[in-house]
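Peer 1: The sequence and its predicted three-dimensional model are supplied below.
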Amino acid sequence: MIIETSAPTRVDLAGGTIDIPPLFLFHEGASTVNFAVNMLAKCRIETRDDDVIRLESIDRNVSFETTLGMMHELKNEPRLELLSKLVYFFKPETGFNMITESEAPAGAGLAGSSTLNIACIGALNKLVGDRYSPDRFIPIAANIETTVIKVPAGYQDYYSAQHGGVASIKFAPDGMSREALDVDAKTLEARIVVLYTGEPRNSGTNNWEITKRHIDGDKELFDIFEGIRDSAVELRDALLENRWNDVGEILKKAHPARKRLSPNITTPHMDHLIEVAEANGAIATKVCGAGGGGCIAFFCEEVRKADVENALSSEENAEVLQWRINSQGLTIDVS
């Protein structure tokens, strides 16, 4: 049996960090807004006739083998740790080869690890006979990734990976929910440039330190998160109503707040690229993910996307990424 899965990475527009439990519980109406893009994480599983389990990451150029009888060792295996813990959790009863690959640049801040997590869960769940219904994939992904990163994992990235599209993810005491946003996708694609800065992400935002400070009652931090919550709500409304000028203004105001949250969210190289983009038609800057490298999304003036792309393409150690909105989410094929 061959199982092939794929899931899309994402660009986060508003509400990032507030999706980490328990932070959203302190901010009524907390939500995030993101959209899935067609840079995929892929997983391929091929069953074997023996008891060997072989795990391989094409991106990391790492592979190793174990056996069904030694599967318990995967619980604490440091090589390909996320894959190992997922296999240990599902405990397949047949040997198999598992190969993973990501189309997004390494450390891009596009939720590559969370997306790969969902792709692998889809494949492994099929391998064990659809043990879990799809509504269980996101809690499994978050809980297992938490054991890898050893701090609470944010939730928004799993929703874009599993469902695709443009969405608002809402967080409340009675649970989380996804609202698909029926927006003008062509306009969104025509107004946003996604740039890989050439610097792998280096955790510009230390989410665990922020979480601890918030719980300890840091009032300045609380107020920043109130603003993050408000920006996500306002952006959702502006997108649904096609108020593109307002979209630009909301994103423009959000960037300084992100810098207040963590000054290290940009590097000197990123600051230079932001200056270049804004001098050539970019209205607003959104650092993707935790920052400190990785990708930047720029919201551009109408018909100025090409100008921004051309200006950035001439910059050293930077790559303009070609992307489209992915509306499929997780795909699973079996042969």
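Peer 2: Done, it's in.
Peer 1: Quick one: the helices in the stretch 151-300 of the chain, in order.
Peer 2: Secondary structure of the stretch 151-300 of the chain (DSSP state H, counting those that start in this stretch): helices at 156-163, 185-191, 207-215, 219-240, 244-261, 268-279.
Peer 1: Tell me the buried residues in the third one?
Peer 2: For helix 207-215, the neighbour count (16 or more other CB atoms under 10 Å) marks Asn207, Ile210, Thr211, His214 as buried. Placement of C-beta: from N, CA and C, glycine included.
Peer 1: Specify which member of those is nearest to Pro134.
Peer 2: Asn207 (26.9 Å; CB to CB).
Peer 1: So the closest one sits against Ile18, correct?
Peer 2: No: applying CB atoms under 8 Å as the test, Asn207 and Ile18 come out as separate, 10.7 Å apart.
Peer 1: Take the buried residues of helix 207-215 and lay them out in a markdown table including pLDDT and distance to Gly227.
Peer 2: A markdown table is the format used below for the buried residues of helix 207-215 (pLDDT from 0 to 100; distance: CB to CB, whole Å):
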| residue | pLDDT | distance to Gly227 |
| --- | --- | --- |
| Asn207 | 85 | 17 |
| Ile210 | 91 | 14 |
| Thr211 | 92 | 17 |
| His214 | 95 | 14 |
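Peer 1: Okay, now the unreliable bits of the protein?
Peer 2: In the predicted model, the chain carries pLDDT under 70 at residues 201-205.
Peer 1: Domain map for the protein?
Peer 2: Using automatic domain parsing, the domain ranges for the chain come out as 2-181+326-334, 185-321.
Peer 1: quick one, what contacts the closest residue to Leu235 other than its chain neighbours?
Peer 2: Once flanking residues are discounted, Leu235 sits nearest to Ala14: 4.4 Å by CB to CB, 6 or more residues apart in numbering. Residues in contact with Ala14, defined by CB atoms under 8 Å, 6 or more residues apart in numbering, are Thr32, Val33, Ile228, Ser231, Ala232, Leu235, Arg236, Ile250, Leu251, Ala254.
Peer 1: Tell me the one among those residues nearest to Ile274.
Peer 2: Using CB to CB, Leu251 comes nearest to Ile274 of the contacts of Ala14, at 12.7 Å.
Peer 1: for the nearest residue to the closest one once chain neighbours are set aside, which residues make a bridge with it?
Peer 2: Once flanking residues are discounted, Leu251 sits nearest to Ala284: 3.6 Å by CB to CB, 6+ apart. As for beta bridges, Ala284 partners with Phe299 under DSSP bridges.
Peer 1: just checking, Ala284 touches Glu301?
Peer 2: No: at 10.1 Å, Ala284 does not count as touching Glu301 under the criterion of CB under 8 Å.
Peer 1: residues shared between the contacts of the two?
Peer 2: Residues touching both Ala284 and Glu301 by CB under 8 Å, 6+ apart: Gly248.
Peer 1: Show me which of those two is the more surrounded one.
Peer 2: A direct count of neighbours by other CB atoms under 10 Å for Ala284 and Glu301 places Ala284 higher, at 22 against 16.
Peer 1: Contact partners for that one?
Peer 2: By CB under 8 Å, 6+ apart, the residues touching Ala284 are Gly248, Glu249, Ile250, Leu251, Lys252, Ala254, His255, Phe298, Phe299.
Peer 1: please redo it, this time with the cut-off set to 10 Å
Peer 2: Remark: with contacts taken as CB atoms under 10 Å, 6 or more residues apart in numbering, Ala284 is in contact with 13, 191-192, 247-255, 277-278, 297-300.
Peer 1: follow-up on the earlier one: so the residue nearest to Leu251 versus Val11, what's the distance?
Peer 2: Computed as CB to CB, to the nearest Å, the Ala284 to Val11 distance reads 13 Å.
Peer 1: List the buried residues of stretch 122-136.
Peer 2: Across stretch 122-136, burial judged by 16+ other CB under 10 Å covers Gly122, Ala123, Leu124, Asn125, Lys126, Leu127.
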